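Novice: can't give you the sequence, but here's the structure:
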């Protein structure tokens, strides 16, 4: 049996791919190390791409609103710089507004905590003393612990060794934090510059990418790849927009509900919850923990009611608002939104949560189209052509 040249080429490519996969599995240790090294080297580039993608959302809106029908050369020349500056200012103002809403109240709260914590500790001590009087068994347990023999020399030796090691660890940690801060600032500047280049030449870069794909892939495969990339881009854009809307909704609900029930720190906790809610479903619980701690110092019973209130709002938001807002924005049913968050978070943490919903929505759309197409073909093959009654009578 002879094979055509195309079939031989296909078999050869499959054999090469299988060999490469086997080598990657066999040398998985070196593969992972190499991948981590490449990720570290290209971190500013990746971060620049992420920043460009986020800034491109308001930038496209400004281009559509301000220069949608512009045809003059001057308008087209200033279109990109003006819209980039407006988009950058918009993002900076949003972040600054969040910080201005949280930091002053947080600073004042920390000052108040410095005064209230000693009183809170005294209340706890008084409660424990009352508990010891009401339940003598507790007092007996404390006395038995006090009467137990303790080798203080051993304790002092361990404390001394801990302090010696602690000084070295503190110095190492300080150096690591300082070097990490400098590296982070440098990477941030490079990422911002790289994002500016991407945004100012996004049409040219898209054209170059399309030409590369069409040059090295068959026409059908190239069209499929371009279509998948287009769906991914649309789903990621819709997901980020929907996530911001959802964070605004839950932050507003928390603020309004706390204000209605006259709970303290309503604005600060609402803004903090909205900011942390940018991480799907689980992020809002960070705001809940911080809010509960702050209210606990003020009034433990109010903190308990705050937790109950938050859990009720979270259930409404997580089961009704979030799947509707984010699910509809990416075309993914409510069940699969929750599935994507659960699986993505289990596999890759926060980045998995942020990326898994758009990726799963793209796979869901492609699978649905393929299933519909296959079922349509099968139904067309199984259609029974009915013979007209007149023809049956003639026979």
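Specialist: Sure thing, it's come through. Owing to the predicted nature of the structure, the values given are computational and were not obtained by experimental measurement.
Novice: what residues are up against the residue most central in space within the chain?
Specialist: For the chain, the residue nearest the mean C-alpha position is residue 354 (3.3 Å; CA atoms, centre = their mean). Counting by CB atoms under 8 Å, 6 or more residues apart in numbering, residue 354 touches 279-280, 344. Glycine gets a C-beta too; all of them are placed from N, C-alpha and C.
Novice: same thing with residue 310?
Specialist: Per CB under 8 Å, 6+ apart, neighbours of residue 310: 254, 284, 288, 291-292.
Novice: mind redoing it with 7 Å?
Specialist: residue 288 (CB atoms under 7 Å, 6 or more residues apart in numbering).
Novice: Could you name the helices and strands sitting against the helix or strand residue 104 falls within?
Specialist: Taking DSSP states H and E as the criterion, residue 104 maps to helix 73-134. Packing contacts for helix 73-134, counted by 3 or more CB pairs under 7 Å, 6 or more residues apart in numbering; DSSP states H and E, involve helix 43-67, helix 136-147, helix 266-276, helix 284-298.
Novice: go again using 8 Å as the cut-off
Specialist: helix 43-67, helix 136-147, helix 152-200, helix 266-276, helix 284-298 (3 or more CB pairs under 8 Å, 6 or more residues apart in numbering; DSSP states H and E).
Novice: Comparing these, which yields the minimum mean pLDDT?
Specialist: When the helices and strands packed on helix 73-134 are compared on average pLDDT, helix 136-147 comes out lowest at a mean of 61.
Novice: ok, so what distance separates residue 357 from residue 350?
Specialist: 13 Å (CB to CB, to the nearest Å).
Novice: same check, this time on residue 263
Specialist: Using CB to CB, we find residue 263 at a distance of 29 Å from residue 350.
Novice: For residue 49, give its distance to residue 63.
Specialist: 19 Å.
Novice: again with residue 376
Specialist: Taking CB to CB, one finds residue 376 at 39 Å from residue 63.
Novice: More neighbours: residue 357 and residue 350, which one.
Specialist: residue 357 (29 against 13; other CB atoms under 10 Å).
Novice: And the pLDDT for that one?
Specialist: Value listed for residue 357 in the pLDDT field: 82.
Novice: just residue 258 next, same as before
Specialist: Model confidence at residue 258, given as pLDDT, is 91.
Novice: Can we start the residue count at 7 from this point?
Specialist: From this message on, residue numbering opens at 7, which makes the last subject residue 264.
Novice: show me the contacts for it.
Specialist: By CB under 8 Å, 6+ apart, the contact set of residue 264 is 271-272, 275-276, 312, 315.
Novice: which strands and helices sit next to the helix or strand harbouring residue 214?
Specialist: Residue 214 belongs to helix 208-222 when assigned by DSSP H and E. Applying 3+ CB pairs under 8 Å, 6+ apart, we find helix 208-222 packed against helix 225-266.
Novice: The helix it packs on versus helix 208-222: what angle between them?
Specialist: 140 degrees (axes from the mean of the first three to the mean of the last three CA atoms, to 10 degrees).
Novice: distance between helix 225-266 and the chain's centre?
Specialist: 11 Å (CA atoms, centre = their mean, to the nearest Å).
Novice: count of neighbours near residue 191?
Specialist: When neighbours are counted by other CB under 10 Å, residue 191 comes out with 10.
Novice: Pick the one among the contacts of residue 264 closest to residue 206.
Specialist: Residue 206 lies nearest to residue 276 out of the contacts of residue 264, by CB to CB, at 37.1 Å.
Novice: pretty sure that closest one is touching residue 254, no?
Specialist: No. Counting by CB atoms under 8 Å, residue 276 stays clear of residue 254, with 10.2 Å between them.
Novice: Between those two, which is the more surrounded one?
Specialist: For residue 276 versus residue 254, the count of surrounding residues by other CB under 10 Å is larger for residue 276: 24 against 13.
Novice: quick one: contacts for the residue nearest to that one when sequence neighbours are not counted?
Specialist: Of all residues not flanking residue 276 in the chain, residue 261 sits nearest, at 3.0 Å (CB to CB, 6 or more residues apart in numbering). By CB under 8 Å, 6+ apart, the contact set of residue 261 is 272-273, 275-277.
Novice: where's residue 261 relative to residue 313, distance?
Specialist: In terms of CB to CB, residue 261 sits 16 Å off from residue 313.
Novice: swap in residue 222?
Specialist: Separation of residue 222 from residue 313 (CB to CB): 57 Å.
Novice: who's more crowded, the two?
Specialist: Set side by side, residue 222 and residue 313 show more neighbours around residue 313, with 16 against 9, by other CB under 10 Å.
Novice: wait, doesn't the more buried one sit right on residue 298?
Specialist: Yes. Using CB under 8 Å, residue 313 is in contact with residue 298, at 5.4 Å.
Novice: what's the angle from the helix holding residue 214 to helix 79-140?
Specialist: For helix 208-222 against helix 79-140, the angle by the same axes, to 10 degrees is 90 degrees.
Novice: count of neighbours near residue 364?
Specialist: 24.
Novice: Just give the nearest non-adjacent residue to it, would you?
Specialist: residue 241 (4.0 Å).
Novice: Look at that neighbour and say how many residues are nearby.
Specialist: 22.
Novice: And the pLDDT for it?
Specialist: 86.
Novice: in stretch 308-323, what's buried?
Specialist: Of all the residues in stretch 308-323, those buried under the rule 16 or more other CB atoms under 10 Å are 308-309, 312-313, 315-316, 319-320, 323.
Novice: In a markdown table, list those along with secondary structure, pLDDT and distance to residue 121.
Specialist: Output for the buried residues of stretch 308-323, formatted as a markdown table (DSSP: H, G, I helix; E, B strand; the rest coil; pLDDT from 0 to 100; distance: CB to CB, whole Å):
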| residue | secondary structure | pLDDT | distance to residue 121 |
| --- | --- | --- | --- |
| 308 | helix | 91 | 18 |
| 309 | helix | 89 | 18 |
| 312 | helix | 92 | 21 |
| 313 | helix | 91 | 24 |
| 315 | helix | 92 | 27 |
| 316 | helix | 91 | 26 |
| 319 | helix | 88 | 31 |
| 320 | helix | 81 | 32 |
| 323 | helix | 75 | 35 |
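Novice: if we take these, which one ends up nearest to residue 137?
Specialist: Looking across the buried residues of stretch 308-323 and measuring by CB to CB, the closest to residue 137 is residue 309, at 20.5 Å.
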